[in-house]
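Chemist: I would like to see how this sequence folds:
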Amino acid sequence: MRAWEGLTAVGPAETGMTFLRGDETSEEIVVLAYGMETGLGGFYAAVGERSDDADVVSLATKLAEIEGSHRQRLFDLYLSLDPRVTDKEEFESDIVPGILEGGFTTEEFMEQNKDSMQTLPDVLNMAMMLEAQALDLYMRYSDKVEDEGGKAVLYDLAEEEKAHLTGLGRLMEQKV
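Modeler: Purely as a prediction, here's the structure:
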């Protein structure tokens, strides 16, 4: 059985989506993070596709590309954890994409927030909120996971989210 088989969201919780049981392997954590990064990348791509503002399109495209590189890093990490997996397409076939922290699908989130994503400052604020939620999620889950390798993966992901927030903050200072 592959590490990601049977890994699903178990439902909304007061502080976000409860994806982890607490006994996940490092592989399962990477799979979950990959799916969430896929959802976030899809969200940014959708923002870019729906905007007529060149600055918003440019930012959304850049953010989607960053999420793509983050997914590649997660896939490379997964390969180091389970060298039996070599085909990225097969790996992605079982990923649950399009779920953002909080349990929304990309489309649901876009629909509920379409009016607050019209300008560059709007999109920057939304991106900072989403990255902060991801940071919070990875930190909260690091407390729940018993596997030391899983904890390390979550801490690394949290550090990457901090770096994303720092970059978005700099961009906010430059553009707004």
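
Chemist: From now on I want contacts and neighbour counts done on CA atoms only, so please keep to that.
Modeler: Noted.

Chemist: what's near enough to touch the most centrally placed residue in the chain?
Modeler: Nearest to the geometric centre of the chain sits residue 37, at 2.8 Å (Cα atoms, centre = their mean). With contact set as Cα atoms under 8 Å, 6 or more residues apart in numbering, residue 37 has these partners: 67, 68, 70, 71.

Chemist: And the residues you listed, which is closest to residue 79?
Modeler: residue 71 (12.3 Å; Cα to Cα).

Chemist: for the helix or strand encompassing that closest one, which positions count as buried?
Modeler: Element membership for residue 71 (DSSP states H and E) is helix 54-81. Buried residues in helix 54-81, defined by neighbour count with 16 or more other Cα atoms under 10 Å: 55-57, 59-64, 67-68, 70-71, 74-75, 77-79.

Chemist: Spell out which helix or strand contains the residue nearest to the centre of the chain, please.
Modeler: Residue 37 belongs to helix 26-50, assigned by DSSP H and E.

Chemist: quick one: buried residues of that helix?
Modeler: 26-48.

Chemist: What of stretch 155-163?
Modeler: Counting neighbours by 16+ other Cα under 10 Å, stretch 155-163 gives 155, 157, 158, 160, 161, 162 as buried.

Chemist: Report the secondary structure state of the second one.
Modeler: Here residue 157 takes the helix state, with states given by DSSP: H, G, I helix; E, B strand; the rest coil.
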